[in-house]
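Q: mind looking at a prediction? Sequence and model below.
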Amino acid sequence: MIDILYKSSTKTAYILLVALAITSIIYNAFIPLHGDEAYYWVWSHHLQGGYYDHAPLLAFMIKVSNFISESEWGVRLSAVFSMSIAGLYIFKLTQKMSDDITALNALFIYCSVILVHAGYTLVTPDAPLILFWSLALYYGYIALFENSTKAYLLLGLFLGLMMMSKYTAILFAFTLVFFALIKRRELFRDWRIYAVVGISSVVITPMLWWNYQHDWISFLFQLAHGSTKTLDINFGRFLEFFGGQFGVFTPVFTTVLFYYLVKKRAFFSNEKLFYISLSILVPLLFFFYKSLLARIELNYTAPAFVGGAVLLAYIFQRYELKKTFKAGIITALILSAIVRIAFQTHLEIVQDRMYGNREAIALLETYAKTSDAFYGDHLTIAALMQFYLPRHPQTQIYTRTRFSQYDMWRGKAKPKDGLYLTQNPAKEKLLKVFSSVVLLNTFTCKRGPNGTKTFYIYRVSKAF
């Protein structure tokens, strides 16, 4: 059976990716939206060149999938599409570098790890980032090692789209710069490198223009995000973040990858392996450094494991680590299956922020009047209300919370009478905005293995 898979590796790769995509679409239909996902969906109904929190491309991708469906699985189609195409180009890149067997192994690694299954499940800006990182890594390889002018031009396009996806795409640009400085300084005399810069600059023009119009607010937010005002080093946070990499990319794969990156300096004498290694090391080292100063989310290193899957497959094949490869695949599949099942059966434990929102909003809807406005206490609650309420009414935030795109849309508009949803008692806070605040009902559900959380539904009126 195994031999059959490897005899027609390209066919196997396509079957695997199509099967994973279809099962993910079905799976996603049974999981409520995360508040962040709903927030990005709201963006798709307000298309613009940028947003306070992120670059804009995800909103445009969700806008396209809205024509297919605006249910949970429809919103997540962008993630399924992005992760599938990324997997295809990981396979194609490994084929270029090595052979069909190694390429299929790279795809098996990619499709087995928790990080990728999470990418197939939740739609975030990481989805298009990984898509265009994979494409840029592939066409960058062809440009550098096959001297293809067309590949240079496509590299510029995909680098620009990557930057339109998430600002951390700049780390790929640093990868190219470091490669040129260390291995190919003559590239700085090649007009095609400047064509890459020019094309990517044109692609990101809408984002630059939007930020210019808004005093670079999005760039400034991201610079502050994940940073602190002091340079105090916290090794505890670093160890937590470092250890987390062994979870998201699984213990076996992460251990082997890190060991060979450090131990086998021969990678750095081979230009092709060095190029792939740089694409791993640049984001990893950057975020390892950042984790010493502030708390960093584990998914930030996701682009590193695009090249990680390619290099790992090479390592397993080159050093004949067949037993280790099998152990890694089995471990990854078991962990991914546990997480997948837990999302269906124990959502209140594995992701409690996704649990109970839909039911609380359904209860709020029973009190709604035709003329009511709808308010949340946070961007995620406001977005979830807009998604789950019938006819998707516009929602707003008028009580103090962290600044978001809602504040930019609201401007100086005065609040109207309506309903307010929060997870904390808010009467005193609401009385600063409205003269009449009435608690209509509460909704309590599970949170964690033994805890609970309560939603409060208020009717608010007569704004000051």
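A: Sure, I can see it.
Q: break this structure into its domains for me.
A: Listed by automatic domain parsing, the domain ranges of the chain are 2-345, 352-463.
Q: with mean neighbour count as extra columns, can I get the ones you listed in CSV?
A: C-beta: built from backbone N, CA, C; applies to glycine. As requested, the domains of the chain are exported to CSV (neighbours: other CB atoms under 10 Å):
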stretch, mean neighbour count
domain 2-345, 19
domain 352-463, 17
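Q: tell me who's in contact with T301.
A: By CB atoms under 8 Å, 6 or more residues apart in numbering, T301 lies in contact with 245, 248, 283-284, 287.
Q: from those, pick the one nearest F443.
A: Minimum distance to F443 across these is 32.8 Å, recorded for V248 (CB to CB).
Q: residues touching that closest one, list them.
A: 113-115, 118, 298-299, 301-302.
Q: how about Q396?
A: Q396 neighbours (CB under 8 Å, 6+ apart): 373-376, 382, 406, 410, 413, 415.
Q: reduced to three states, what does F455 come out as?
A: Put simply, F455 is strand when judged by DSSP: H, G, I helix; E, B strand; the rest coil.
Q: so what touches the helix or strand hosting A38?
A: Per DSSP states H and E, A38 falls inside helix 35-43. Contact partners of helix 35-43, identified using CB under 8 Å, 6+ apart, comprise 33, 51, 53, 56, 58-59, 62, 70, 75-76, 122-125, 353-354, 357, 378-381, 383-384, 386-387, 404-405.
Q: continuing past that helix, what's the next helix or strand?
A: Per DSSP H and E, the helix or strand that comes after helix 35-43 is helix 57-66.
Q: what packs against the helix or strand that contains I15?
A: Per DSSP H and E: I15 is located in helix 9-28. Counting contacts by 3 or more CB pairs under 8 Å, 6 or more residues apart in numbering; DSSP states H and E, helix 9-28 packs against helix 72-75, helix 77-97, helix 100-112, helix 114-121.
Q: just so I know, which of those lies nearest A332?
A: Closest to A332 of these is helix 100-112 (CB to CB; 3.8 Å).
Q: ok and the closest one relative to helix 77-97, angle-wise?
A: For helix 100-112 against helix 77-97, the angle by axes from the mean of the first three to the mean of the last three CA atoms, to 10 degrees is 160 degrees.
Q: okay, the angle between helix 100-112 and helix 114-121?
A: Going by the same axes, to 10 degrees, helix 100-112 makes 70 degrees with helix 114-121.
Q: need the contact partners of helix 100-112.
A: 5-6, 9-10, 12-13, 16-17, 20, 86-87, 90-95, 116, 250, 253, 309-310, 312-314, 316-317, 325, 328-329, 332-333, 336.
Q: what does the average pLDDT come to for the helix or strand harbouring R358?
A: Under the criterion of DSSP H and E, R358 resides in helix 357-365. Across helix 357-365, pLDDT averages out at 97.
Q: likewise stretch 146-165?
A: pLDDT averaged over stretch 146-165 gives 98.
Q: using CSV, write out every CA atom in it.
A: Extracted in CSV, the C-alpha atoms of stretch 146-165 (Å, rounded to 0.1, in the frame of the first residue of the first chain):
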residue,chain,number,x,y,z
GLU,A,146,17.2,28.5,-12.3
ASN,A,147,17.8,32.1,-13.2
SER,A,148,14.2,32.6,-14.4
THR,A,149,13.1,36.2,-15.1
LYS,A,150,9.5,35.2,-15.0
ALA,A,151,10.1,33.8,-11.5
TYR,A,152,11.6,37.0,-10.3
LEU,A,153,8.5,38.9,-11.5
LEU,A,154,6.2,36.4,-9.8
LEU,A,155,8.3,36.7,-6.6
GLY,A,156,7.7,40.4,-6.6
LEU,A,157,3.9,39.8,-7.0
PHE,A,158,3.7,37.2,-4.2
LEU,A,159,6.0,39.2,-1.9
GLY,A,160,3.6,42.1,-2.3
LEU,A,161,0.5,40.0,-1.7
MET,A,162,2.2,38.5,1.4
MET,A,163,2.8,41.9,2.8
MET,A,164,-0.9,42.7,2.1
SER,A,165,-1.7,39.6,4.2
